[in-house]
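# Pasting the sequence and the predicted coordinates here, then a few questions.
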Amino acid sequence: QVQLVESGGGLVQAGGSLRLSCAASGRTFSRNAMGWFRQAPGKEREFVATITCSGGSTYYTDSVKGRFTISRDNARNTVYLQMNSLKPEDTAVFYCAADDRCSVLSATPTSYAYWGQGTQVTVSS
């Protein structure tokens, strides 16, 4: 069982930066691939980024490439999402999720067994 708690969301002006954190409890974190998803009002949950359990491989949706960076610290049971050059269209609730698999980079929400409660990111123009 993995429990996830996101933090770091907030209100930022366009062009600004935020770093989201997701703290995981449980002894399997270092064996879980992790992902970040987001959901804007009236829209479906969409994939943002994912990272393998070792941190050696990552994958991003096209709209955030070059602006967002996913990373993890297995000693701290934490995964991060550094978001730079934020745009109003990035406004959403951001969720972290854990996959029971280690080395699979999945963009599909149903691949992830565990989810956090989400943290709101609002980008003003």
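Right, received. Where do you want to start?

# Residues in a beta bridge with R38, which ones?
Beta-bridge pairing of R38, defined through DSSP bridges, involves E46, F94.

# For A97, which residues are in contact?
A97 makes contact with L4, M34, G35, W36, F37, P109, Y112, Y114, W115, G116 under the criterion Cβ atoms under 8 Å, 6 or more residues apart in numbering. Placement of C-beta: from N, CA and C, glycine included.

# show me the contacts for the third one.
Right, the one you point to is G35. Contacts were defined as Cβ under 8 Å, 6+ apart; by that measure G35 touches F47, V48, A49, T50, I51, C96, A97, A98, D99, S106, A107, Y112.

# which ones are touching the spatially most central residue of the chain?
With the centre of the chain defined as its mean C-alpha position, the nearest residue by Cα atoms, centre = their mean is W36, 2.3 Å away. When the contact criterion is Cβ under 8 Å, 6+ apart, the partners of W36 are L20, C22, V48, A49, T50, I70, V79, L81, F94, Y95, C96, A97.

# Repeat the analysis, applying 7 Å as the threshold.
When contacts are counted by Cβ atoms under 7 Å, 6 or more residues apart in numbering, W36 touches V48, A49, I70, L81, F94, C96.

# ok, now R45?
If you count contacts by Cβ under 7 Å, 6+ apart, then R45 has F37, Q39, P109 around it.
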